[in-house]
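**Student:** I need the structure of the sequence given here:
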Amino acid sequence: MGQFSIDKVRNIGISAHIDSGKTTLTERVLYYTGKIHRIEEVRGKSGVGAKMDSMDLEREKGITIQSAATYCVWGDYNINIIDTPGHVDFTIEVERALRVLDGAILVLCGVSGVQSQSMTVDRQMRRYKVPRLAFINKLDRAGANPFRVAQQLREKLAHNSVMMQIPIGAEDRFEGVVDLLKMKAIYFDGDTGEDVREEEIPAEMLDEAKTWRNTLVESMSDHDDSIAEKFLAGEEVSEAMLKPVIRRVTIELKMTPVFMGSAYKNKGVQKLLDGVIDYLPNPTQVVNEALDQANGEKKIVLESTPDKPFVGLAFKLEDGRYGQLTYMRIYQGTVKKGDFIVNMSAGQKKLKVPRLVRMHSDEMNDITEASAGDIVALFGVDCASGDTFTDGNVNYTMTSMYVPAAVIDLAVWPKEKAGEANFSKALNRFSKEDPTFRVKRDEESAQTIISGMGELHLDIYVERIKREYGCEVVTGKPQVAFRETIGKKAEFSYTHKKQTGGRGQFARVMGYLEPLPADAVEQFEFVDDVTGGAIPREFIPACEKGFKEAIQEGSLIGFPVVGVRVVINDGSSHAVDSSEQAFKTASLMAFREGFEKAKPTVLEPIMKVEVTAPEEFQGSVMGQLNQRRGMIIASENAEGYLTAQAEVPLNEMFGYSTDLRSATQGKGEFTMEFMKYAPLPKNEQELLIAEYKEKRAKGNK
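**Tutor:** Predicted structure coming up:
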């Protein structure tokens, strides 16, 4: 932490829907805190690109692909910042950032307001109980309305949003903000808005400002008796009284303070930074839990102090110029360069810390030690994303982050035989870095299959294999990740018997399969209901293994089986011929027998699609969604634009971006994220089953 005490540290993330201005905002934050000396735009004419978009692909496409870490100083406070992607295909980057942060800024577009991805990042923030501020950006744009956006925060995201500021002027006449705590008008002068000027509130705005301040005081009176007394008595409530209450209520997740401005026009950013310091927690004000492996995974609350045993979480890996870079959040204790640390998630492997750095996007600043509350990076520490490290004095592991299931598969292979070594090196590295990027081999077709969160996700990795490893890659047709499930309960009774002279194989397994409830967290459940030793205890794990192997490949179209509970309640064994292998095989075959009788069905991924386009194209947009088996859930028209939300099968979404562009003269945009699995229509299902049978028949010839 160096010269900063832990209460002067803020670990924050900046999250939002794609194109809301997160990276532009981070660029301004770095400029005003003296971390960079020139502002670059995301799609800047200089070709340099924003500081936090350090990857060539990010600069070319004008989007953030990887989360980037940096730190800066505001007053006498140290702020660690992670700028995260807005595109849903890179959702794991947001997930892992929020897992290790203490607070966040939810950036919203002043025109579009709460969009589909705003809802996703909000859901992720709730999952990790992250307190946040809202920043309504782009108030210089035509159609911007911060009051409407604050209302959407309440209605769509169920936030208790409280305005800390109101705008002075609107759209191209947006000049600054009124600070409702100080009751002053704030203007941002100079070429880059670096000079913050305080003035009296313009006379024509005074009544409006008083009304909004009254609303602010009233909402705080619900949380503090002394404020309530003054409010009811009609007395003035000072800024000094309000600030600590706003801070407490924000940290308790009971309120979202709303700030506003235009990052692009350099207005409002410094006041947002003040808000980060005033209202977001320091590391000691957040409850972080670990599981004590020496005590039956009992939950332990970690103490954010430097003198306790060291505990850190590796939340992101990157292959840098000097080898693997491991980003780590330190929750407890201190780590120094040259220390030995223990990887608790990889069989307590002991490793030395050869180099410790603090990251500023793709730049590194060497440090000799780091302590509780810090976010740093380590070199030469081999581990996987989500591993817990300690100093060896405690046997703790941190809970891992949520990793969504992949929804799309793509067959890939190197164009030239000479590129095979680099091709496998790249796949190995990317699957280690990104838990949502998965690699498997299809034994039947002998192809390498990559799986991910969407077309863009896999396109980016194919492009990175070419650029970073010099390996041209050929891709097959994208394949939707279907699933199989059952529709009713079915019994099984299978006997596996092989007598070939000498020791044979014998195992009998009986029980039933049944569908799991729709809201079940786990997609497979094994229940041992065997009594009286019908199956000896030592063979029960082998039965479970057999069932787990069986669900890897359903018999309808060869995709994994989900949503199934397997219960074994009887069976028999042979004193000599029974073995683990026999029971594993019997269980595998028993599952297949039960599956056939349990009304098996194919499930397809359904995506939540949000389309924005000018109103004149409404008919074409709705027509296209209907053609793709889409179900329109909601549509609204505002500021001459249509926003439509629909549930559409992923299988129907290939090539949609081209169709949408041509139907809207290039003005339509859409975002898409996985929503749920649903049964495939019967005619489509029959086609897939017939295709799979034909493929199997060919393979068996």
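**Student:** wait, Glu652 touches Leu625, no?
**Tutor:** No - Glu652 is beyond contact range of Leu625, at 9.4 Å (criterion: C-beta atoms under 8 Å). C-beta here means a position set from N, CA and C on the backbone, and glycine is covered the same way.
**Student:** straight-line length of stretch 196-206, end to end?
**Tutor:** Its first and final residues considered, stretch 196-206 spans 20 Å by C-alpha to C-alpha, to the nearest Å.
**Student:** give me the residue at the spatial middle of the chain.
**Tutor:** In the chain, the residue lying closest to the centroid (C-alpha atoms, centre = their mean) is Glu95, at 2.9 Å.
**Student:** residue contacts, that one?
**Tutor:** Glu95 sits next to Gln124, Met401, Tyr402, Val403, Pro404 when contact means C-beta atoms under 8 Å, 6 or more residues apart in numbering.
**Student:** just these: which are in helices?
**Tutor:** Gln124 (DSSP state H).
**Student:** could you identify the most distant pair in the contacts of Glu95?
**Tutor:** By the measure C-beta to C-beta, those have their two most distant members at Gln124 and Val403, which lie 12.1 Å apart.
**Student:** which of these two has more neighbours?
**Tutor:** Gln124 (22 against 16; other C-beta atoms under 10 Å).
**Student:** now do the contacts for Gly594.
**Tutor:** Ala490, Glu491, Phe492, Gly511, Tyr512, Leu513.
**Student:** same list, the residues you listed, but as CSV with secondary structure please.
**Tutor:** Shown next, in CSV, are those (DSSP: H, G, I helix; E, B strand; the rest coil):
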residue, secondary structure
Ala490, strand
Glu491, strand
Phe492, strand
Gly511, strand
Tyr512, strand
Leu513, strand
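**Student:** quick check, nearest of those to Ile450?
**Tutor:** Leu513 (31.3 Å).
**Student:** so what's the closest one bridging to?
**Tutor:** Ala490, Val566 (DSSP bridges).
**Student:** what is the neighbour count of it?
**Tutor:** Leu513, neighbours per other C-beta under 10 Å, totals 24.
**Student:** that one: what's it in contact with?
**Tutor:** Ile486, Lys489, Ala490, Phe492, Val564, Arg565, Val566, Val567, Phe591, Gly594, Phe595, Ala598.
**Student:** wait, the second one sits on Val564?
**Tutor:** Translated: Lys489. No - applying C-beta under 8 Å, one finds Lys489 not in contact with Val564, separated by 10.6 Å.
**Student:** what about the two, which has more around it?
**Tutor:** Neighbours were tallied for Lys489 and for Val564 using other C-beta under 10 Å; the higher tally belongs to Val564 (26 against 15).
**Student:** mean confidence for the biggest strand by length in the chain?
**Tutor:** Scanning the chain for the longest strand, with DSSP state E as the assignment, gives strand 600-614. Across strand 600-614, pLDDT averages out at 90.
**Student:** give the buried residues for it.
**Tutor:** Neighbour counts over strand 600-614 (16 or more other C-beta atoms under 10 Å) mark 600-613 as buried.
**Student:** put the alpha carbons of stretch 397-415 into PDB.
**Tutor:** Extracted C-alpha coordinates of stretch 397-415, given in PDB (Å, rounded to 0.1, in the frame of the first residue of the first chain):
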ATOM      1  CA  THR A 397      -9.800 -21.200   0.000                       C
ATOM      2  CA  MET A 398     -11.900 -18.300  -1.400                       C
ATOM      3  CA  THR A 399     -15.200 -19.000  -3.100                       C
ATOM      4  CA  SER A 400     -14.800 -19.000  -6.800                       C
ATOM      5  CA  MET A 401     -16.600 -16.800  -9.200                       C
ATOM      6  CA  TYR A 402     -19.700 -17.700 -11.200                       C
ATOM      7  CA  VAL A 403     -18.900 -19.100 -14.700                       C
ATOM      8  CA  PRO A 404     -21.700 -19.100 -17.100                       C
ATOM      9  CA  ALA A 405     -22.200 -22.100 -19.500                       C
ATOM     10  CA  ALA A 406     -20.900 -21.800 -23.100                       C
ATOM     11  CA  VAL A 407     -23.700 -21.500 -25.800                       C
ATOM     12  CA  ILE A 408     -21.800 -21.800 -29.000                       C
ATOM     13  CA  ASP A 409     -19.300 -24.300 -30.500                       C
ATOM     14  CA  LEU A 410     -16.900 -23.900 -33.400                       C
ATOM     15  CA  ALA A 411     -14.700 -26.400 -35.100                       C
ATOM     16  CA  VAL A 412     -11.200 -25.000 -35.600                       C
ATOM     17  CA  TRP A 413      -7.900 -26.300 -37.100                       C
ATOM     18  CA  PRO A 414      -4.600 -24.700 -38.300                       C
ATOM     19  CA  LYS A 415      -4.400 -24.000 -42.000                       C
END
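**Student:** after the element among helices and strands of the chain having the smallest mean pLDDT comes which helix or strand?
**Tutor:** In the chain, the helix or strand scored least confidently by mean pLDDT, DSSP states H and E is helix 56-61, which has a mean of 52. Heading C-terminal from helix 56-61, the first helix or strand you meet, by DSSP states H and E, is strand 68-74.
**Student:** elements contacting that following strand?
**Tutor:** Under the contact definition 3 or more C-beta pairs under 8 Å, 6 or more residues apart in numbering; DSSP states H and E, strand 68-74 sits against helix 22-32, strand 77-83, helix 269-279, strand 355-360, strand 375-379.
**Student:** I'd like these as CSV, with mean neighbour count appended.
**Tutor:** CSV is the format used below for the helices and strands packed on strand 68-74 (neighbours: other C-beta atoms under 10 Å):
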stretch, mean neighbour count
helix 22-32, 26
strand 77-83, 24
helix 269-279, 21
strand 355-360, 20
strand 375-379, 23
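**Student:** check contacts around Phe494.
**Tutor:** Not Phe; residue 494 is Tyr. So Tyr494 contacts Arg508, Val509, Met510, Ala586, Ser587, Met589, Ala590, Glu593 (C-beta under 8 Å, 6+ apart).
**Student:** confirm it sits in a strand?
**Tutor:** Yes - with three-state DSSP as the criterion, Tyr494 is located in a strand.
**Student:** please renumber the chain so that the first residue is 420 from this point on.
**Tutor:** Happy to do that; since the first residue is 420 now, the last one works out to Tyr913.
**Student:** which SS state does the residue lying closest to it once chain neighbours are set aside fall under?
**Tutor:** Spatial nearest neighbour of Tyr913, chain neighbours left out: Ala1009 (3.7 Å); criterion: C-beta to C-beta, 6 or more residues apart in numbering. Using three-state DSSP, the structure places Ala1009 in helix.
**Student:** what pLDDT does Glu903 get?
**Tutor:** For Glu903, pLDDT reads 93.
**Student:** got the phi and psi for it?
**Tutor:** phi -120, psi 150 (degrees, to the nearest 10).
**Student:** distance of it from Lys1112?
**Tutor:** 14 Å (C-beta to C-beta, to the nearest Å).
**Student:** still on that earlier bit, quick one: which of Glu1071 and Leu1044 has more around it?
**Tutor:** Comparing Glu1071 with Leu1044 by other C-beta under 10 Å, the one with more neighbours is Leu1044, at 24 against 18.
**Student:** run through the strands of the stretch 470-619 of the chain in chain order.
**Tutor:** Along the stretch 470-619 of the chain, counting by DSSP state E, counting those that start in this stretch, strands occupy 487-493, 496-502, 522-528, 551-556, 580-582, 584-587, 595-598, 603-608, 614-618.
**Student:** how much space between the residue nearest to Tyr913 and Leu935?
**Tutor:** Counting by C-beta to C-beta - Ala1009 and Leu935 are separated by 18 Å.
**Student:** neighbour count winner among these two?
**Tutor:** Ala1009 (30 against 17).
**Student:** pretty sure that one sits against Val928.
**Tutor:** Yes - assessed by C-beta under 8 Å, Ala1009 is found in contact with Val928 at 4.6 Å.
**Student:** quick check: neighbours shared by the two?
**Tutor:** Joint contacts of Ala1009 and Val928 (C-beta under 8 Å, 6+ apart) are Phe911, Ser912, Tyr913.
**Student:** got CSV for those residues, with pLDDT too?
**Tutor:** Output for the shared contacts of Ala1009 and Val928, formatted as CSV (pLDDT from 0 to 100):
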residue, pLDDT
Phe911, 94
Ser912, 94
Tyr913, 93
